[in-house]
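**Student:** Return a 3D structure for these sequence lines:
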Amino acid sequence: MLSPDKNTVLTSFGRGTPAGEMLRRYWWPIAFSADLAAPDVRKVRLLGEDLALFRQADRSVHVLADRCPHRGAARGRRGLR
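**Tutor:** Have a look, this model is predicted:
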C-alpha cells in the first residue's frame, strides 16, 4: 500500500506535478472531428484545464486555452470567430 504522500505524487495531474507533466507529453483524444461543424467552438476540459476546440471556415481544427492571453477572460463563442 502506498503512503499518502506517494499516493498524492502519483495521482495529482495539475501543471507542474510529476504525473501532470508526464501526462502532458502524450496526445489525448478529446472529440470526434466529424462532430465539429465549421465554424464551431466547443469547450472541453482535459487534465483540469479548460480548452476551446474549434473548426475554422477552411475546415482546419484547432485547440487553445479557454482564456484570453491579454485579459484572462473566457473566450466563449464570439472570441474565436
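
**Student:** Do you know the pLDDT at residue 70?
**Tutor:** Note on residue 70: pLDDT of 69.

**Student:** Now do the contacts for residue 38.
**Tutor:** The neighbours of residue 38, taking CB atoms under 8 Å, 6 or more residues apart in numbering as the test, are 55-59. Heads up, the C-betas are built off the backbone N, CA and C, glycines and all.

**Student:** any idea how far residue 65 is from it?
**Tutor:** Remark: distance between residue 38 and residue 65 (CB to CB, to the nearest Å) = 21 Å.

**Student:** Ok, residue 3 next?
**Tutor:** On the measure of CB to CB, residue 3 and residue 65 end up 34 Å apart.

**Student:** Who has more neighbours out of those two?
**Tutor:** residue 65 (11 against 8; other CB atoms under 10 Å).

**Student:** Which residues in the helix or strand encompassing residue 44 does the neighbour count mark as buried?
**Tutor:** Residue 44 is part of strand 40-46 when elements are defined by DSSP states H and E. Across strand 40-46, burial judged by 16 or more other CB atoms under 10 Å covers 41-42.
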